[in-house]
Structure formats: structure tokens, C-alpha cells
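Colleague: show me how the following folds:
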Amino acid sequence: MQVDEILQDIAAYCQRTGLAESTFGRRAVNDGKLVQRLREGGRITTDTFDRIRLFMAQKPTGRSSLMPSRRVAAALPAITGSAALAAPQPHGEPAANPQGNFRFFDNRQKYLLFVHTCSEKRVVASRVALELANIHPRPPAVRVFDAGVGDGTVLTRVIRSMHGRFPHMPFYVTGKEISLEDIRLTLDKMPDRFFEHPATVLVLTNMYYAEAPWLSVKSSAAANSLVWRSVALRGTTSAEFAEQISDLQSFLAETWRARVNAKSGNPVYERPVVLVIYREDHRFLLDPIIPAPGRAEADFDLIIASQPYRARASADFKARRVIGPLARALRAGGRLIAIHSCGKDPGMEIIQGLWPGDDPFLTDRHQILRAVKHELGPAAREFNFNAYSDVRSQFQYHLETLPNELSGTIGTSTVFAAWNAAIYVAQVEDQRLTEVVRAQSYLEATQAILHKYGGLWFNDESYVISRHRD
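Modeller: Purely as a prediction, here's the structure:
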């Protein structure tokens, strides 16, 4: 019995039916915490396993006849789908069907495989670090906001670069992330940052883009359910900090929960949560910047928006829901750097070889900046909008392989990693993957591109919005 396999099936079932995972557990085996325990490494008996399978079999959900075989699903769990081949979503805002539009980047297997086999996080962090030379911090702190922390790799590297440039200034760092798994991965990377730069206040929240910079929710109902926790780390070593941060796991599991929005299909928080972490021995120095409910400022020196929206969303949607609100959170002289995929690379050749004419990258940086100007209205006069030339704006990152790995026969794991990266970057929904995975045509298409170019790379582009200095 493979726990990972049953978890994937449960997640797919809940996505198709609209059931919360806790509801599934209660209905299937009278255990609302079943899925949570399995994700935390728990095991189940054969009887429980049979009851889960029986529940899903007795309450079918229109499972497609195009489902791949168990052998294929086990070989490549990150890319198997659960419904018939679907056409690409039309260009614009999210589709009305929430289950068919569940946010692509929440597929954990695809995400983690991509992060560990491609260099994007490292390259993005290096690009963001260049902006540190252009900001002008003011007392009492250097203020940074990450509009999508992910697994924390980019933010951790940026904080490291901040320490090199501003070694004696306090840091106020806020990260937005709705995924519990990503928050756990981010926190795992932070003990060393508190050790190297003790004058750091780290704030993590699951609020929306229009709320997170201010740490203030707009809905009165959500405000009444706000969970705010401050943690003062004691000790002086990374090991001590790591132990205290690990103690937060039960708190996170209880509060950092998400559900699927019935209208958009995107994940939204069940309750807004704010987690504030700092070192107790620096409380006196950090007191002016430690936020409290009703006392938080959104005047950021640097805002990082790396892949903060679906590529297929319209420029208006990206400006209104993401970039516009973030730009308003800049202080005078502050800079927002946004980065997204732009295609025209070998990865897109794989996609278009299987889905001719498919192009998810329909809005470029110029269109988004025009939409942001319109969204900001008269306030746009307070900002500079820098699209830059292609030479300065665009950059590449690569699938990382051994030096001789692509010179002869390409290993299966490399082909799978390349395919995963291609469909992850192109944001191909699971519904469209079923048929090509079953036919295994994706293997030949991916191998052909790897041989053609001797590797695989992708293109990102960046743009910067800065608020005028006083």
C-alpha cells in the first residue's frame, strides 16, 4: 500500500467533487483528520484502506475512461491527470468551473520536482538582489515583501544578499503564502537567517494581495476570525531557533488551512493568519517594527513578485488583483520587481509539439504595465514603469543535469524531469495531460528536444515599478 498514491487519489477525488479533505475523512472513515495525518507520515490499516477505496467507488464522480494505467501513474505521479483531455482555457480571467480551474501552481509534485531540477529560484534570487543597489532604506528598517514565498528559496537568498549589503540595519521581511507545505519549507530555512542577522522581524501571512502588505483583512467576518501569533525566539544558535520553529508545526496544521473558492477555483484561506517571528534578545531594538494587530505599515523598500499569477490570466486581471495592490504598498523610493515566464524557448517547443498553437504567454510585460497604469489611475503619476529592453529584462534558467547526462542515451528520470518542467512552466492543466501520458507521446517529444538542444532552458522576463522619491 502506497500512502503517496492514496493521497493523490483522495486529493483528485476532493478536487472533482468539491469536498473538503476533512469532510472526505469524516464521510469515508469517520476521521476528519485522516488526510492531515497521512501527510504528516501517518499510516493506515488495510481495513481503513479498503473503506477509503469503497467510499470512492460507491460515490463515483465521472472518472474518465482515459485514465492512465497504474503503472504509468506510479512511474510519473507528478503529471498524471484525472479527467478527459480538455481544451486550453480561454485567455482572460479564471474560468467559472472552480474544480477545472484549481490553481496550477498548487500541484505539489510538479512544483517540488521543478524546484529541485531547475535553476530558476537561484537565477531569480540573483536578479532580485540586483535591485538592492537601487533602494534607499529609511529608519527604522529595510522593509521587504515577498508576494509568493513558495518554498522560501528566493526569499532566503535575498535575505542573505541583504545582509551582505546592509549588515547593520534591522530587517522587516513579510512573506505571503497560502500553502501550508510551503510555509513549513520556508521556516525550515530561516534559523540560519536569524543567526546571521539577528535584527530580523519575519512575518508570514496567508492573506490576499490586497491585504497582506497591510496585515489587515477587508472582510469583517474574516477580521473576527483573524489568528495572530508572535514568537520571540530565545537563545543564540541556529539549533535553538530551529527547535522553537519546529514547535510551531501543530499551530500551523491547525490554522494555516485553505479551501477552493467556489467562483474562481483558486485556493483561499479559511482563516487569515499572521505569524511574527523575531529574536527575544533583540526585542528592544526591533520594537518599532514588530507589528501588532492594527499596527502595521505597508511602506516597503522592495517588493518581490516572482510568478505571482497564472500566465493565461488577462493583463487586466493581473493588474487589478496582483500588481496594482502591490504597487500601492511601496514607500517613496521603493521598487517592485515582477518576474514571469515568457516562452519562446525549447520548453515551449515540447508543448507546441503536443498541442500545436498552444501559447499560454499571451500578455507580456508591456501589456501588464499599461494595465497597471490604468488600474492606478491618477496615482500612476507617482510611479515609474520600467519595461527595459529585452537584453536587460529577459534571462534564462536551465534544467540542471550532469555534464555527460545528455551526450548519449538520456535516462528516464531526466526525460521525466524535463517533461515536468515544460508542463509546469507552460501551466498545462492536469485535464489536458491524460491522453498524451497514456499514449506516452510526451516521452518522444521531450527526448527529441533534449537531443536537439543538448539540454533544456526557459525564458523569464522582468519589469520594475518604482515610486518616486520624496
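
Colleague: phi first, then psi, for N459.
Modeller: Per-residue torsions, N459: phi -110, psi 130 (degrees, to the nearest 10).

Colleague: and for the one 4 residues further on?
Modeller: The phi and psi torsions at Y463 (degrees, to the nearest 10) take the values phi -150, psi 160.

Colleague: can you find the helix or strand of this structure with the lowest average pLDDT?
Modeller: The weakest-scoring helix or strand in the chain, judged by mean pLDDT, DSSP states H and E, is helix 70-75 (a mean of 35).

Colleague: what element comes up after that one heading to the C-terminus?
Modeller: Per DSSP states H and E, the first helix or strand lying C-terminal to helix 70-75 is helix 108-117.

Colleague: what comes up buried for that following helix?
Modeller: Buried residues in helix 108-117, counting neighbours by 16 or more other Cβ atoms under 10 Å, are found at 108-115, 117. Bear in mind the C-beta positions are built from the backbone N, C-alpha and C, glycine included.

Colleague: can you pick out the most distant pair from those?
Modeller: R108 and T117 (14.7 Å; Cβ to Cβ).

Colleague: quick one: the spatially most central residue of the chain and L204, what's the gap?
Modeller: For the chain, the residue nearest the mean C-alpha position is G150 (4.0 Å; Cα atoms, centre = their mean). Noted for G150: a distance of 12 Å to L204, by Cβ to Cβ, to the nearest Å.

Colleague: all strands for this protein, in order.
Modeller: 142-146, 171-176, 200-205, 227-233, 258-260, 267-269, 273-279, 300-306, 330-341, 383-386, 394-398, 457-467 (DSSP state E).

Colleague: show me what contacts A329?
Modeller: Neighbour list for A329: 145, 213-214, 298-300, 303 [criterion: Cβ atoms under 8 Å, 6 or more residues apart in numbering].

Colleague: now it: phi and psi?
Modeller: Dihedral angles (degrees, to the nearest 10) for A329: phi -90, psi 0.

Colleague: what residues are up against the nearest residue to it once chain neighbours are set aside?
Modeller: The shortest distance from A329 to any residue other than its chain neighbours is 3.6 Å, reached at P213 (Cβ to Cβ, 6 or more residues apart in numbering). By Cβ under 8 Å, 6+ apart, the contact set of P213 is 145, 174, 298, 300, 303, 325-326, 329.

Colleague: now G294. Its backbone dihedrals?
Modeller: phi 80, psi 0.

Colleague: quick one: F458 from F361, how far?
Modeller: To F361, F458 is 11 Å away according to Cβ to Cβ.

Colleague: M348 too?
Modeller: The gap separating M348 from F361 is 8 Å, by Cβ to Cβ.

Colleague: quick check: C342 vs R165, distance?
Modeller: 28 Å.

Colleague: neighbour count: these two, which is higher?
Modeller: Higher neighbour count among C342 and R165: C342, with 20 against 13, using other Cβ atoms under 10 Å.

Colleague: ok, for the more buried one, nearest residue in space, not its chain neighbours?
Modeller: Looking at C342 with Cβ to Cβ, 6+ apart, the closest residue is E461, at 4.3 Å.

Colleague: and the one you found, how many neighbours?
Modeller: Neighbourhood size, E461 [other Cβ under 10 Å]: 22.

Colleague: what does the model give it for pLDDT?
Modeller: At E461, the predicted lDDT confidence score is 98.

Colleague: hang on, it packs against R392?
Modeller: No - counting by Cβ atoms under 8 Å, E461 does not reach R392; the two are 9.8 Å apart.

Colleague: from the contacts of P213, which two are the most distant?
Modeller: Across the contacts of P213, the longest distance by Cβ to Cβ is 13.7 Å; it joins T174 and P325.
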